[in-house]
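Asker: Starting from these lines, generate the structure:
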Amino acid sequence: MKSIIKFVFLFSVSFLMAQSYQSAESVEFDPVNNQWLVANGSRIIADDGEGNLSYFGAGNASHGLEVLGNTLFAVASNRIKGYDLSNEDEVMNLIIPGVSFLNGLTNDGANTLFVTDFSAGKIYSIDVSDISNPTYTELVSNTGGTPNGVLYDGTNNRLLFVTWGGSAQVKAVDLGTNLVTTIITTSLTNIDGIVDDSLGNYYISSWSPDRITKYNNDFSISEIVTTPSLNNPADIGYNQDTDIMGIPMGSSVIFVDLSLLSNSDYNANTYEYLVSSNPINESSYIQFTLQDAEFIYLRIYDTSGKLVKILMNEEIQASTHKISLADLQLSSGVYFSRLTTQKGTSLTKKLIVN
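Answerer: From the prediction side, this is the model:
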């Protein structure tokens, strides 16, 4: 297996405010309220990515979190709870009799949740199409390991889950047959979380060594993508719109810009994507060139990954395009402009506003 080592800039640490992290275990981006939600034992904490913390209503979660539509689902001491993202009210409280230690949680983007039972080596599916009357099914009775984080992979009609212990594995559940296969046996110990990006790459968090490892779509190439300053990274979360990963580590949560991993120099040259001048002033502009007509997203995010301005969201013709930055009306600070194309290219430039 080819192994490539790269490093990523960790740019935001959530410091403790009136609320504090004591057992941050799982993190999930909340697109409804443009914030991160963190399972922190007895309470769910909302984190704006800039160190400002608040309680998410009276919600509690011990492990996995998943946003599905307008609902946050949470593993809370062997129950699966649901919370309305608009008003933070509890809308579901499901008990699955006989479970041992519910842990990882994922969803199919429609009406089904999947949850791992860490100690019993099982996986359950939960139908939440009627949230007032959810039903569950034992999907896998024996995972052949200790299942932790889990990810729905709709492209391949499967679940991917990671295992605890030495020589930890990434395994798959075929959702057509419910059969379990091993994708890869790693040299890592205690894999906790798994997420994917918009390009079909996978990221896993491990406790030994303490790191995030990136795999390509068939797990044949791996990259070490974080500095070795992590400490027991748990159930990671990922915002595909901004390439921001949230990493919970017990007493803290950090946020990582994965776009800094991409080798975008070639693509940047291909699209001639530039910002002039920077720091931003009344004459500054973003310029890029398209060789073909494409649908383009041009957006600005702050350092926490929050979307702060949409500059373009449309199909445009092949040409050189210049977008004025004269009227950004942004507070002083560092921002990122992100050009995303229909062909899958994602390019990022730092903006400095004085």
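
Asker: Next, the buried residues of the helix or strand hosting residue 334.
Answerer: Assigned by DSSP states H and E, residue 334 belongs to strand 333-341. If you call a residue buried by 16 or more other CB atoms under 10 Å, then strand 333-341 has these buried ones: 335, 336, 337, 338, 339, 340, 341. Quick note: C-beta positions are derived from backbone N, CA and C, even for glycine.

Asker: So the third one is in contact with residue 297, correct?
Answerer: No - contact between residue 337 and residue 297 fails when scored by CB atoms under 8 Å: they sit 10.9 Å apart.

Asker: quick revisit: just the closest of the buried residues of strand 333-341 to residue 155, please.
Answerer: Comparing those against residue 155 with CB to CB places residue 340 closest, at 19.1 Å.

Asker: Can you classify the nearest residue to the closest one once chain neighbours are set aside as helix, strand or coil?
Answerer: With CB to CB, 6 or more residues apart in numbering as the criterion, residue 340 has its nearest non-adjacent residue at 4.3 Å, and that residue is residue 297. Classification of residue 297 by DSSP: H, G, I helix; E, B strand; the rest coil places it in strand.

Asker: dump the residue contacts of residue 297.
Answerer: For residue 297, the contact set (CB atoms under 8 Å, 6 or more residues apart in numbering) comprises 310, 312, 313, 338, 339, 340, 341.

Asker: so what's it bridging to?
Answerer: residue 313, residue 340 (DSSP bridges).

Asker: swap in residue 29?
Answerer: According to DSSP bridges, beta-bridge pairing links residue 29 with residue 36.

Asker: pLDDT score assigned to it?
Answerer: Here the pLDDT value assigned to residue 29 is 95.

Asker: Describe which strands the strand or helix carrying residue 106 pairs with in its sheet and in which direction.
Answerer: Element membership for residue 106 (DSSP H and E) is strand 102-107. Strand 102-107 has the following strand partners under DSSP bridges: strand 112-117 (antiparallel).

Asker: Buried residues of whatever helix or strand comes next after the partner strand, list them for me.
Answerer: Once strand 112-117 ends, the next helix or strand along the chain (criterion: DSSP H and E) is strand 122-127. Neighbour counts over strand 122-127 (16+ other CB under 10 Å) mark 122, 123, 124, 125, 126 as buried.

Asker: same question, stretch 114-123
Answerer: In stretch 114-123, counting by 16+ other CB under 10 Å, buried: 114, 115, 116, 117, 118, 120, 121, 122, 123.

Asker: mind putting those residues in JSON lines, distance to residue 240 included?
Answerer: Conversion of the buried residues of stretch 114-123 to JSON lines gives the following (distance: CB to CB, whole Å):
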{"residue": "114", "distance to residue 240": "19"}
{"residue": "115", "distance to residue 240": "22"}
{"residue": "116", "distance to residue 240": "22"}
{"residue": "117", "distance to residue 240": "28"}
{"residue": "118", "distance to residue 240": "26"}
{"residue": "120", "distance to residue 240": "31"}
{"residue": "121", "distance to residue 240": "30"}
{"residue": "122", "distance to residue 240": "29"}
{"residue": "123", "distance to residue 240": "24"}
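
Asker: Just put the residues you listed in JSON lines and tack on pLDDT.
Answerer: Below are the buried residues of stretch 114-123 laid out as JSON lines (pLDDT from 0 to 100):
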{"residue": "114", "pLDDT": "98"}
{"residue": "115", "pLDDT": "98"}
{"residue": "116", "pLDDT": "98"}
{"residue": "117", "pLDDT": "98"}
{"residue": "118", "pLDDT": "97"}
{"residue": "120", "pLDDT": "97"}
{"residue": "121", "pLDDT": "98"}
{"residue": "122", "pLDDT": "98"}
{"residue": "123", "pLDDT": "98"}
